[in-house]
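Q: Curious how this folds, go ahead:
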Amino acid sequence: MESNRQVRLRIAVRLYNLLVMDDLSLRLTALADPTRRAIVARLALGEATVTELRKPFQLSQPAISKHLKVLETAGLIESGRTAQSRPRRLRMEALAETGAWFEQVRRLWSESFDRLEDFLKEEEG
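A: Next up, the predicted model:
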């Protein structure tokens with residue numbers, strides 16, 4: 001039988017998924033690619049132009065643009081405007097929301113393992 005806390009948590013998870021699952025899916029898909037994760041890691045150090053982002057990967061202009069477009073569509077990065085250049089920067093709130101989802105999943109698993117451990121202790125004793 002589920003406790004009130006478990007029921008509330010299950011309802012909260014469902015509501016959360018209804019509200020942000022589309023954004024979350026886009027972000028997780030964007031972060032599934034190692035090149036895009038490396039771009040995010042680079043932008044964590046500060047904003048950078050497309051040319052600066054392209055250098056370590058030895059990618060063509062169209063290839064880096066495609067990666068940046070995926071990250072922008074997912075809401076993970078945004079473009080700035082400085083004179084003639086358009087530096088990219090991270091959208092920290094999008095990363096924080098994605099991290100919050102991972103934390104929620106981690107808590108659910110942790111609680112599940114705690115319940116399993118309690119059950120096993122009861123069975124032994």
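Q: Find the centremost residue of the protein, please.
A: In the chain, the centroid-proximal residue (C-alpha atoms, centre = their mean) is Thr98; its distance is 3.6 Å.
Q: need the contact list for it.
A: Neighbour list for Thr98: Leu24, Arg27, Leu28, Leu31 [criterion: C-beta atoms under 8 Å, 6 or more residues apart in numbering]. (C-beta placed from N, C-alpha, C; glycine too.)
Q: Can you read off the pLDDT for it?
A: Thr98 is assigned 90 on the pLDDT scale.
Q: quick check, Arg89 in a helix?
A: No. Using DSSP: H, G, I helix; E, B strand; the rest coil, the assignment for Arg89 is strand, not a helix.
Q: picking up where we left off before, sec struct for the residue nearest to the centre of the chain, please.
A: helix.
Q: That one and Leu90: what is the separation?
A: 12 Å (C-beta to C-beta, to the nearest Å).
Q: joint contacts of the two?
A: Common contact partners of Thr98 and Leu90 (C-beta under 8 Å, 6+ apart): none.
Q: Now, the contacts of Thr98 that are in strands?
A: Among the contacts of Thr98, no member falls in strands (DSSP state E).
Q: List buried residues within the residues you listed.
A: When the contacts of Thr98 are checked for burial by 16 or more other C-beta atoms under 10 Å, the buried set is Leu24, Arg27, Leu31.
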